[in-house]
Each structure stands twice: as C-alpha cells, then as structure tokens.
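A.B. asks: okay, here's the prediction I keep looking at, along with the sequence it came from:
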Amino acid sequence: DSGVTQTPKHLITATGQRVTLRCSPRSGDLSVYWYQQSLDQGLQFLIQYYNGEERAKGNILERFSAQQFPDLHSELNLSSLELGDSALYFCASSVAGAGPPTDTQYFGPGTRLTVL
Amino acid sequence: DQQVKQNSPSLSVQEGRISILNCDYTNSMFDYFLWYKKYPAEGPTFLISISSIKDKNEDGRFTVFLNKSAKHLSLHIVPSQPGDSAVYFCAASYMGSQGNLIFGKGTKLSVKP
C-alpha cells in the first residue's frame, strides 16, 4: 500500500459526459501528479500540482482540468468525454515535487475509466 | 514521438535465471532514469534509479546499467523469482521538469517456476 488513495476504482460512463476523479496523497506529501495510461501505452504525464498551485502541464487536453485543494487532495475533471478517453488514470504524490533522487513518486492504484 | 522506448512488450524467463529488461531513450537532457514495477490492479512502485553520471547502480537482486553513448539502459534481475512477474516501466526525468517522469510502454516479465 503506497498510501495514495484514488476513488472511484472503476467508472463507466457515456460519451459527452463529465466525470471527476479523486486522489488523496500520502500524508506529508505536497505534490500531486496525474498520469493517463491508455491501452498499450506507457503512462503519460498530464499535470502536476504543488501545495495547491499548478506547477507543470504535460499532454493534458483542454477538456480536462484539475485542482488541488487546501487539504492537498486533488481532483481531475474530464468533460465532453470521448471513446478515446477510456484509460487508467493514476495519481502519484511526492514530498516536494523536486524529482529524483531525493523525491520519489508514489502511485495510487488508479481509476479505470470506460467511456461507452 | 516516444522519448523513452521499451521495444520488448514481453519477456519470459525461468526461475533462478537472469532477467534483462531494456530501455532506450532519445533525449540527451535526461539526467535520471528510474524503473518502476507494476502488478495487476496496483499502481506502479519505484524499484531502482540511476543518475546519468553513473553507469551502474545495484540494489540487492536488481542492477541497472546505463550506457549514455548508446542512450540505453537495462535492468538486470538475478536470480529471477516468480514474484518478480510484473510489468516493468522505464522512466526518465531531467532538471527543470519538476520531477515529472516520462515513461516507456512497459515490458511484461513472466518468471516461470
């Protein structure tokens, strides 16, 4: 158990809908990262937050947005969903968002999103 | 355009033998390389890392080798155990990336008893 929790574990929805994925980081971790793993793809970095502020953006679609709240949990909002958005969405957390070697990312178990 | 490539989707090895997982990269700015291990229905877990200024890092049964001139790294597992059966992801980061990791597609390792 990494200490990072993600809810829900599974989500099935229809095209055009909007969903919210939730992540609670490990206790003491200030930075949260979101990754997407599509079929046969590696994990693609989407966005990073540090202590409530957006720190870096990756290949995140405009239909997607995220935020980190004062209690440090984070939410990833996906809207106008398309079939291609079906994927595993992972949240990771780290203490400082500084990267290796001092700052290890710990991953949650992921949320599997299926868009029908 | 994939900056981190794992060209072997799967690898099967006998228990007790050596497992060698390979990874190639294209970005010369990468200064840290990591291996993550993932079991089904779980998130990736950090396994071992190596700085670009080193060519080898060892941790128990796991050793990572880095060949900068070839832009290639490999993970050696000796001896392989059935519990090592998992998907292994190679990842890289560079200074200024805020710690964000660029992952390969993964290699599924099966260790047969």
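C.D. replies: Yep, it's here. Values in this document were obtained by computation on a predicted structure and should not be read as measured data.

A.B. asks: using the three-state scheme, assign the nearest residue to residue A:99 once chain neighbours are set aside.
C.D. replies: Closest residue to residue A:99 apart from its sequence neighbours, by Cβ to Cβ, 6 or more residues apart in numbering or on different chains: residue B:99 at 3.0 Å. C-beta coordinates here come from the backbone N, C-alpha and C atoms, glycine included. Assigned with DSSP: H, G, I helix; E, B strand; the rest coil, residue B:99 falls in the coil class.

A.B. asks: what is the neighbour count of residue B:99?
C.D. replies: 26 (other Cβ atoms under 10 Å in any protein chain shown).

A.B. asks: okay but it is in contact with residue A:101, surely?
C.D. replies: No - between residue B:99 and residue A:101 there is no contact under Cβ atoms under 8 Å: 10.6 Å.

A.B. asks: contacts only, for the residue of chain B most remote from its centre.
C.D. replies: Residue farthest from the centre of chain B, counting by Cα atoms, centre = their mean, is residue B:113 at 22.5 Å. If you count contacts by Cβ atoms under 8 Å, 6 or more residues apart in numbering or on different chains, residue B:113 has them with B:15, B:82.

A.B. asks: relative to residue A:19, how far out is it?
C.D. replies: 42 Å (Cβ to Cβ, to the nearest Å).

A.B. asks: just the pLDDT for the spatially most central residue of chain A.
C.D. replies: Chain A has residue A:34 as the residue nearest its centroid, 2.9 Å off, counting by Cα atoms, centre = their mean. If you check residue A:34, the pLDDT there is 97.

A.B. asks: okay then, goodbye and thanks.
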